[in-house]
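J.: Provide a 3D model corresponding to the input given below.
(one chain, ligands or ions: 1)
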Amino acid sequence: MSDGIVTRFAPSPTGFLHIGGARTALFNWLYARNRGGKMLLRIEDTDRSRSTDEAVDAILDGLSWLGLTWDGEPISQYGRVDRHREIAEELVRRGEAYYCYASAQELDDMREAQRAAGKPPRYDGRWRDRDPSEAPTNIKPAIRIKAPREGETVVRDLVQGDVRFPNADLDDFIILRSDGNPTYMLAVVVDDHDMAVTDIIRGDDHLTNAARQTIIYKAMDWDVPSMAHIPLIHGPDGAKLSKRHGALGAEAYRAMGFLPEALCNYLVRLGWSHGDDEIISIDQMIEWFDVKDINKGAARFDIKKLEAINGHYIRQADDQRLVDALIGLLPEMEGGAWFLDRMTAERRKQLLLAMPGLKERARTLVELADGARFLFIEAPIENEDKAEAILAEGGRDVLRPLLPRMEAVEDWEIETLETLVRDHAESLELKLGKVAQPLRAALTGRTTSPGVFDVLWVLGREESLKRIRGQTA
Ligand code: GLU
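T.: This is a model prediction of the structure:
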């Protein structure tokens, strides 16, 4: 289906692409893909003191990593200030806006008086109907919108329903500052109009802005785009999501070893659902996503759930892809340098061979790396306490007579090794685990690893025997 919709993602480049922004981008992207439309990208960089090029790069990188492609070139809002000014002046010509010469001091006094009288601080419209001939020549004016004073402004929101704002609460806000710079309120409307945006999907912290923006659209006789304000993401404790809860940038999730499709799957379920489905592929998301199914209630961020979903995607992922993803991640992963220093062509191969066993146990690529640690260590192996206890408490005695039998093995294959170890256990009248456990401890220095026969096989004959010798000597 193609009904030509246009959505946009409009981040302010004052920081990384945080989890809430990533979800907003995902929803816009899915909606556009679902309708055969476009998603545009607008960088809202008008706040020069807070916008940085690094943040722009981090946002573009984050989107690209998640696979959230935008159509056309990113648009810089700051690059459009002339157009914003032009519309502010056009609104004055239309009688929908006016010059306000009130000084900062005057406005402060006005608000102070309102507060003292127990009223909410609002611009009182003192220049609204004043004759331009009264304008002082020594003050540069701001431009204010002539907002309606009676009735209400209704935001027809696809998620929240009709949200009504009494116009008495919306004062004549500034659209062009006295220094000639547009306000965010004006810039967003002009840009969305010029970019032919048909659908705005963004956080519900912009709902009140939506009412003010609606006033500007009407003043220009422009069509108001469809709007969907999505509930913000909260922490597991119900409080607004903060860094403490995981409000980190996309790059932080990459460094923690999450796969992009797992993060998308987790994010799409934060505030949208399709029946009880938990695992939803990108293609299914595109097929099923509809703004009208966005939940009204705030979603809660739960890192455990994200890890569980990531584990699912890791288990499903192609082995070679996981090897590449893991190696690609090492430079930015905590402790990754240790692996990189030891990365040989041989170990790359072993990593691939071990992957079927490794990926069963890992919820993140970081855990995957940790599981693969046994491939990178060298004799003499430093045993973890539990592994050393197993070896000390009889384990070595079990392994000593096994060693010559293993040394005699020529075809180092999983089945041969398994038959031999089983036979050894039987001959000592022990359960298989009583041999397998010390064997694992000797080979890896740990009590957990992929299956011990896989470990023997992946390490190969020479390395395995060397490790067992080292641990039993
Ligand atoms: N730049 C705004 C933000 O990052 C979004 C504005 C909008 O979507 O209209 O919150």
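
J.: What is the end-to-end distance of stretch 44-51?
T.: One end of stretch 44-51 to the other measures 8 Å (C-alpha to C-alpha, to the nearest Å).

J.: what about the one residue in the stretch 301-450 of the chain that gets nearest to the ligand, how many residues close to it?
T.: Relative to the ligand, the nearest point of the stretch 301-450 of the chain is residue 301 (17.9 Å; C-beta to the nearest ligand atom). (Each C-beta comes from the backbone N, C-alpha and C, glycine too.) Using other C-beta atoms under 10 Å, residue 301 has 20 other residues around it.

J.: looking at it, it is touching residue 238, isn't it?
T.: No - using C-beta atoms under 8 Å as the test, residue 301 is too far from residue 238 to be in contact (10.7 Å).

J.: Spit out the contact partners of residue 338.
T.: residue 376 (C-beta atoms under 8 Å, 6 or more residues apart in numbering).

J.: cool, residue 417 as well?
T.: So residue 417 contacts 406, 409, 453, 456-457 (C-beta under 8 Å, 6+ apart).

J.: do the same with residue 201
T.: 7, 24, 27-28, 31, 227-228, 230, 291.

J.: Tell me the one of the residues you listed nearest the ligand?
T.: Distances from the ligand to the contacts of residue 201, taken by C-beta to the nearest ligand atom, are shortest for residue 24, at 7.4 Å.

J.: Model confidence for the closest one, exactly?
T.: Residue 24 is assigned 97 on the pLDDT scale.

J.: So which bits of the one helix or strand it maps to are buried?
T.: Using DSSP states H and E, the element containing residue 24 is helix 19-34. Buried residues in helix 19-34, counted by 16 or more other C-beta atoms under 10 Å: 19-34.

J.: got it, and stretch 206-216?
T.: For stretch 206-216, by 16+ other C-beta under 10 Å, it's 206-207, 209-216.

J.: next one: stretch 166-181
T.: Buried, per 16+ other C-beta under 10 Å, within stretch 166-181: 170-176, 178, 181.

J.: what sits against residue 93?
T.: Taking C-beta under 8 Å, 6+ apart, one finds nothing in contact with residue 93.

J.: Which pLDDT value belongs to it?
T.: At residue 93, pLDDT is 97.

J.: Around the closest residue to residue 280 other than its chain neighbours, how many other residues sit close by?
T.: Using C-beta to C-beta, 6 or more residues apart in numbering and skipping residues adjacent in sequence, the residue nearest residue 280 is residue 265, 5.6 Å away. Look at residue 265: counted by other C-beta under 10 Å, it has 24 neighbours.

J.: Write out the residues of the stretch 51-200 of the chain neighbouring the ligand.
T.: Neighbours of the ligand within the stretch 51-200 of the chain, by C-beta under 6 Å from any ligand atom: residue 188.

J.: In terms of helix, strand or coil, where does whichever residue of the stretch 51-200 of the chain sits closest to the ligand fall?
T.: Relative to the ligand, the nearest point of the stretch 51-200 of the chain is residue 188 (4.8 Å; C-beta to the nearest ligand atom). Three-state assignment for residue 188 (DSSP: H, G, I helix; E, B strand; the rest coil): helix.

J.: That one against residue 46, yeah?
T.: No - contact criterion C-beta under 8 Å: residue 188 and residue 46 do not qualify, at 9.7 Å.

J.: who touches both of those two?
T.: With C-beta under 8 Å, 6+ apart, residue 188 and residue 46 have no common neighbours.

J.: I am finished for the moment; much appreciated.
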